[in-house]
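**Student:** Provided below for reference: sequence and predicted model.
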Amino acid sequence: MELFKKIVAHAVIALQVLIVFVLFFEQRIEVPLLVQAFGRLHPLLLHLPIGLLLLTAVLIFARKHFEGDSFSDLVNFLLYLTSFTASLAAFMGLLLSLEGGYNETDLGLHKWMGVSLSFLCWMLLGLKENFKVLAPLAMASVVLLIFTGHYGANLTHGENFVLGPLQKEEIRVRQLTDSTPSVSYPQ
């Protein structure tokens, strides 16, 4: 298990360095086709760190209901996986963003929030032994995850994807009431 932790920790550091490199030089980078294909796996991979982060946060907040070292080992293992997959998803997302064709405002917000989230997950990993700091940091990560996901959904599914059906119903009802002919009765 120690070898696994070392490999993952070093991979996370390498990915964070690559993320910073891409952010600094994104205007000068020409992405080869093979790397573009790798970047396009971002939508597929990103669901793994989302689930891992949510599960880890729930466990961190429910820790008083668990006893023993095995619980801490589980949380640590999940933090390693979360940090690695979040860093990989952020890196792949940056590669995908280099292709262009996205709404610049939503892309910028999603990109910077995603990168921040990957660094926050890395911080969670680094602070895994300090549960007083870990809980608020996990909560901040989940909040950031929600906003990051919102802007990512805007990029892939269009504006207001989640609330769109509710708004369409509201608009439809308003249109029906606005188009209803008014009847006046003689007095």
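**Tutor:** All right, it came through fine.

**Student:** what is the host helix or strand of Leu34 packed up against?
**Tutor:** In this structure, Leu34 sits in helix 33-39 according to DSSP states H and E. Under the contact criterion of 3 or more CB pairs under 8 Å, 6 or more residues apart in numbering; DSSP states H and E, helix 33-39 touches helix 69-97. For every residue, glycine as well, the C-beta is placed using N, CA and C.

**Student:** for the helix it packs on, packing partners?
**Tutor:** So helix 69-97, by 3+ CB pairs under 8 Å, 6+ apart, packs with helix 2-25, helix 33-39, helix 42-45, helix 47-61, helix 104-126.

**Student:** can you tell which of the ones you listed is closest to Thr82?
**Tutor:** Closest of those to Thr82 is helix 47-61, at 4.2 Å (criterion: CB to CB).

**Student:** tell me the mean pLDDT over the closest one?
**Tutor:** Averaged across helix 47-61, pLDDT comes to 93.

**Student:** show me how far that helix is from its chain's centre.
**Tutor:** 11 Å (CA atoms, centre = their mean, to the nearest Å).

**Student:** on that earlier part again, and the contacts of the helix holding Leu34?
**Tutor:** Val31, Met92, Gly93, Leu94, Leu95, Leu96, Leu98, Glu99 (CB atoms under 8 Å, 6 or more residues apart in numbering).

**Student:** may I see the buried residues of it?
**Tutor:** Residues Gly39 are the ones in helix 33-39 that count as buried (16 or more other CB atoms under 10 Å).

**Student:** same check on stretch 94-102?
**Tutor:** Across stretch 94-102, burial judged by 16+ other CB under 10 Å covers Leu94, Leu95, Leu96, Ser97, Leu98, Tyr102.

**Student:** same question, stretch 35-52
**Tutor:** Across stretch 35-52, burial judged by 16+ other CB under 10 Å covers Gly39, His42, Leu46, Leu48, Pro49, Ile50, Leu52.

**Student:** tell me the one of these nearest Gly68?
**Tutor:** Gly68 has its nearest neighbour among these in Leu52, at 21.5 Å by CB to CB.

**Student:** and the residue nearest the centre of the chain, helix, strand or coil?
**Tutor:** The centroid of the chain falls nearest to Leu145 when counting by CA atoms, centre = their mean (4.5 Å). When classified by DSSP: H, G, I helix; E, B strand; the rest coil, Leu145 comes out as helix.
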